[in-house]
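# dropping the sequence and predicted coords here.
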Amino acid sequence: MNARLALPGALSLAGRGVVVTGAAHGIGRATAGVLASLGAELLLVDLRPQDETRRLIETAGGARVRTLQADLTAEGFSAQLMASGPLYALAHCAAVHDSSDWTLTGGTARFHRTMGITPVCP
């Protein structure tokens, strides 16, 4: 997250609210770093704490970062997300990683859990 590239002004997200799901690690953390370098005001969302992602972003350049530890499939999550303030974009990086065959071991409940991570926003 320390590498800085000169980017065209058209890519600026200065002052715009962007939600990054799955921000505690991996692709979500990397995405948050890129968006922060473009000036976005970030709302990081994950089931797990995002302290390390927040620390990396703030150390790299001090973008405004808020965190929300939440389950995207929880009742009321979308309303909670929308109440967090004006949003310009959603970088949906959250995922459920389950390598077993859900058709053999978990039936439709596991399938719906996997597919349910896509938030439905009003």
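Sure thing, it's come through. Small disclaimer: the values here were computed from a predicted structure and weren't measured.
# quick one: secondary structure of L90?
strand (DSSP: H, G, I helix; E, B strand; the rest coil).
# wait, doesn't it sit right on R16?
No. Using C-beta atoms under 8 Å, L90 makes no contact with R16, being 11.7 Å away. The C-beta positions use only the backbone N, C-alpha and C, and glycine is treated the same way.
# now do the contacts for V19.
L42, L43, V45, L81, S84, L87, A89, L90, A91 (C-beta atoms under 8 Å, 6 or more residues apart in numbering).
# strand partners of whichever strand or helix holds it, parallel vs antiparallel please.
Per DSSP states H and E: V19 is located in strand 17-21. Sheet pairing of strand 17-21 (DSSP bridges) gives strand 41-46 (parallel), strand 89-92 (parallel).
# residues contacting G28?
So G28 contacts V20, T21, G22, L44, D46, T53, A91, C93, A94 (C-beta under 8 Å, 6+ apart).
# which SS state does the residue nearest to the second one when sequence neighbours are not counted fall under?
This means T21. Excluding the flanking residues, the one nearest T21 by C-beta to C-beta, 6 or more residues apart in numbering is A94, at 3.8 Å. Classification of A94 using three-state DSSP returns coil.
# and A94, how far is that from V18?
14 Å (C-beta to C-beta, to the nearest Å).
# check what pLDDT I57 gets.
Looking at I57, its pLDDT is 92.
# give me the neighbour count for it.
I57: 25 surrounding residues under other C-beta atoms under 10 Å.
# model confidence at R54, what's the number?
pLDDT for R54: 93.
# assign a three-state SS to it, would you?
From three-state DSSP, the assignment for R54 is helix.
# and the gap between it and L42?
9 Å.
# so, low pLDDT: which residues of the protein?
The chain contains residues with pLDDT under 70 at 1-8, 62, 97-107, 110-111, 113-122.
# ranges for the helices of it?
Taking DSSP state H as the criterion, the chain carries its helices at 26-37, 51-60, 77-82, 102-105, 107-115.
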